[in-house]
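> here are the coordinates; sequence isn't available:
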């Protein structure tokens, strides 16, 4: 999971136009079926990854959600062709 977050962060950093260099740490891809943000029963934010029949959920502080959202949007942005 850490490797996935490092890889996504590196992609987002590379696409954001930042002067900082993304990490070149190797990451092993795995088949993610779902990535979503939700909240738990206390209203705390959760980042949830669905991989097959398994769900991995990670809690985040409210003040980190904006950074996390920007990272996910940037990492998923198309770099070629038309975009909506």
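Structure received. This is a predicted model, so every value here is computed, not measured.
> what ranges do the helices span in the chain?
2-15, 65-76 (DSSP state H).
> comparing those, which gets the lowest mean pLDDT score?
For the helices of the chain, mean pLDDT drops lowest on helix 2-15, to a mean of 65.
> From residue 55, how far off is residue 68?
Distance check for residue 68 against residue 55: by CB to CB, to the nearest Å, it reads 17 Å. In short, each C-beta sits where N, CA and C put it, glycine included.
> Counting neighbours, go ahead and name the busier of the two.
Taking other CB atoms under 10 Å, residue 68 and residue 55 do not tie; residue 68 has more neighbours (19 against 12).
> ok, the more buried one - contacts?
Counting by CB atoms under 8 Å, 6 or more residues apart in numbering, residue 68 touches 37, 47, 60.
> Of these, which is the nearest to residue 77?
Of all the contacts of residue 68, residue 37 has the smallest distance to residue 77: 17.1 Å, by CB to CB.
> and that closest one, what does it touch?
Counting by CB under 8 Å, 6+ apart, residue 37 touches 45, 46, 47, 48, 65, 68, 69.
> my read: residue 50 touches residue 32, true?
Yes. Taking contacts as CB atoms under 8 Å, residue 50 lies within contact range of residue 32: 6.9 Å.
> who's more crowded, the two?
Taking neighbours as other CB under 10 Å, residue 50 and residue 32 compare with residue 50 leading, 15 against 12.
> Model confidence score at the nearest residue to the more buried one once chain neighbours are set aside, please.
Using CB to CB, 6 or more residues apart in numbering and skipping residues adjacent in sequence, the residue nearest residue 50 is residue 34, 3.3 Å away. On pLDDT, residue 34 comes in at 84.
> mind checking how far residue 34 is from residue 68?
For residue 34 relative to residue 68 (CB to CB), the value is 16 Å.
> Could I get the contacting residues of the closest residue to residue 33 other than its chain neighbours?
Computed as CB to CB, 6+ apart, the closest residue to residue 33 that is not its neighbour in sequence is residue 50, at 4.5 Å. Counting by CB under 8 Å, 6+ apart, residue 50 makes contact with 32, 33, 34, 35, 36, 56.
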